[in-house]
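Student: Got a predicted structure here, sequence first:
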Amino acid sequence: MSEKMNIRRDSGQGAPLWLLAELTYRCPLQCAYCSNPLDLAARQEELSTEEWFDVMHQARALGAVQLGFSGGEPLVRRDLEALVGEARRLGFYTNLITSGLGLDEARIEALRAAGLDHIQISLQAADAEVAAAVAGSPKAHARKLAMARAVKAAGYPMVLNVVLHRHNIDQLDAIIALCAELGADAVELANCQLYGWAHLNRAGLLPSREQLEAAEATTERWRERLAARGQDMRLLFVVPDYYAERPKACMGGWGAIFMTVAPDGTVLPCHSARILPMRFPTVREHSLEAIWYQSTAFNRYRGDDWMPAPCRDCDERHRDFGGCRCQAYLLTGDAGATDPACALSPDHHLILAAREEAAADTRSVHELTPRNIHQSRVFCRE
Ligand code: SF4
Ligand code: SF4
């Protein structure tokens, strides 16, 4: 490993708490809302097992305590159990973020033996037909349900994640009923974040305000019903940025507590950031410590010196950090702009225009662009 950065830790910047290990961009599914990069066909290189061990050692030495294994589908890595075992030895709290494809009872047991703390499985819909259309696989839904049951039977605390969009949000009542029947401990009802493939399909995914309000009311009814039943299943409803008046506090601030290592070793402040027009360092060139404290990329949007008006004079700048840099770039072409999701942004009209564009979009779920290698080649640079 070459080491060209001089490390200074006197900036007041604390250590990273979270490491998201994106082990691979390979995945058996083709979700049109996937946040993976459009040019993933050109990014097939993956760190070896030993390199991931080294990344985990470095991250733990820096102070990280939470480790998420994600992708793509992390289960396609045959060394996942070894990686989990090493993470456990290092003292990480580990979470597997999976579609459930590639899981079976034997693998659940092997992951448990390796010390995995937590499994989060994604569901696409309440019924097989919509789920198949969204994921591009007719068999995935039944497999996911079987694996959710197996995970619960193995005694894991289970979070189910459902990405909501206009083609499944009207099923929310049935989706929550299904999650309750599966025995989930918590359900993330996460309105689609519009990055990567989701941004490409944005007009065909964004729900209407009426759909969103109905879904929030359904969630509230279910909270009351679950409380009356004495069933402890937490429901987390994540509102889409495109209907919020203020942006989300993206990643708790740029380079504040969170780092992602992409499959090829590129280190990012969030999993979407490689779309930005900047060069991100890799673990093959620099230590994580140097990248975290010293790299231009991680320092670029820390603090508030970089903020333009209206953020720089706004009392909320230490709460939301000016919103999301990726969303600012995707919508305005300027990663340093105020997130247009903020109603105070001079670019907020772009959000309103996107809602209008979505309202006029009549595509069925079958007509969205699936996330796969074939489609990705269109977006790969020569
Ligand atoms: S969102 Fe779908 S396609 Fe993307 S990584 Fe997850 S399961 Fe695979
Ligand atoms: S102006 Fe900037 S700091 Fe203020 S609420 Fe909007 S995004 Fe947040």
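Tutor: Cool, got the structure. Bear in mind that the values here come from a model prediction, so they are computed numbers and not experimental data. Numbers count the residues shown, from 1 in each chain. Ligands and ions are numbered 1, 2, ... in the order given.
Student: Over to stretch 242-261 now: how far is its first residue from its last?
Tutor: End-to-end span of stretch 242-261 (C-alpha to C-alpha, to the nearest Å): 28 Å.
Student: touching ligand 2 at all, that stretch?
Tutor: Yes - applying C-beta under 6 Å from any ligand atom, one finds stretch 242-261 touching ligand 2 at 246-247. (Each C-beta comes from the backbone N, C-alpha and C, glycine too.)
Student: Up against ligand 1, what does the protein have?
Tutor: Counting by C-beta under 6 Å from any ligand atom, the chain sits next to ligand 1 at 27, 29-31, 34, 36, 71-73, 99, 371.
Student: Which two among the residues you listed are spaced furthest apart?
Tutor: Farthest apart among these by C-beta to C-beta are Q30 and G71. That separation is 13.5 Å.
Student: got the residue ranges for the strands in this protein?
Tutor: Under the criterion DSSP state E, the chain contains strands at 18-22, 66-70, 93-98, 118-123, 158-164, 186-191, 234-238, 258-261, 267-268.
Student: residues near the nearest residue to R284 once chain neighbours are set aside, how many?
Tutor: Among residues not flanking R284 along the chain, G265 sits closest, at 5.1 Å (C-beta to C-beta, 6 or more residues apart in numbering). Each residue near G265 was counted by other C-beta atoms under 10 Å, and the total is 19.
Student: L178 now?
Tutor: If we define neighbours as other C-beta under 10 Å, then L178 has 20 of them.
Student: same deal with the one 10 residues further on?
Tutor: A count of nearby residues for E188, using other C-beta under 10 Å, gives 19.
Student: Relative to ligand 1, how far out is it?
Tutor: 13 Å (C-beta to the nearest ligand atom, to the nearest Å).
Student: shouldn't that residue be in contact with I175?
Tutor: No - E188 lies out of contact with I175 (C-beta atoms under 8 Å); the separation is 11.6 Å.
Student: Give me the common contacts of these two.
Tutor: V162 (C-beta atoms under 8 Å, 6 or more residues apart in numbering).
Student: that older thread, possible to save the residues of the chain next to ligand 1 as JSON lines with pLDDT, neighbour count and distance to G230?
Tutor: As requested, those are exported to JSON lines (pLDDT from 0 to 100; neighbours: other C-beta atoms under 10 Å; distance: C-beta to C-beta, whole Å):
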{"residue": "C27", "pLDDT": "95", "neighbour count": "23", "distance to G230": "38"}
{"residue": "L29", "pLDDT": "95", "neighbour count": "21", "distance to G230": "35"}
{"residue": "Q30", "pLDDT": "94", "neighbour count": "20", "distance to G230": "40"}
{"residue": "C31", "pLDDT": "94", "neighbour count": "26", "distance to G230": "35"}
{"residue": "C34", "pLDDT": "95", "neighbour count": "25", "distance to G230": "37"}
{"residue": "N36", "pLDDT": "93", "neighbour count": "24", "distance to G230": "40"}
{"residue": "G71", "pLDDT": "93", "neighbour count": "20", "distance to G230": "37"}
{"residue": "G72", "pLDDT": "93", "neighbour count": "21", "distance to G230": "38"}
{"residue": "E73", "pLDDT": "96", "neighbour count": "21", "distance to G230": "35"}
{"residue": "S99", "pLDDT": "95", "neighbour count": "26", "distance to G230": "31"}
{"residue": "R371", "pLDDT": "94", "neighbour count": "27", "distance to G230": "40"}
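Student: Out of these, which is nearest to P269?
Tutor: Nearest to P269 among those is N36, at 16.6 Å by C-beta to C-beta.
Student: and that closest one, what is it in contact with?
Tutor: Neighbour list for N36: 25, 27, 71-72, 196-197, 371 [criterion: C-beta under 8 Å, 6+ apart].
Student: Identify the farthest-apart pair in those residues.
Tutor: Across those (C-beta to C-beta), the longest gap, 13.7 Å, separates G71 and W197.
Student: Quick check: which ranges of this structure have low pLDDT?
Tutor: Scanning the chain for pLDDT under 70 picks out the ranges 1-11, 381-382.
Student: Next, count neighbours for the closest residue to ligand 1 within the stretch 201-350 of the chain.
Tutor: Here the stretch 201-350 of the chain gets closest to ligand 1 at one residue, H271, 10.4 Å apart by C-beta to the nearest ligand atom. Number of residues near H271 (other C-beta under 10 Å) recorded here: 21.
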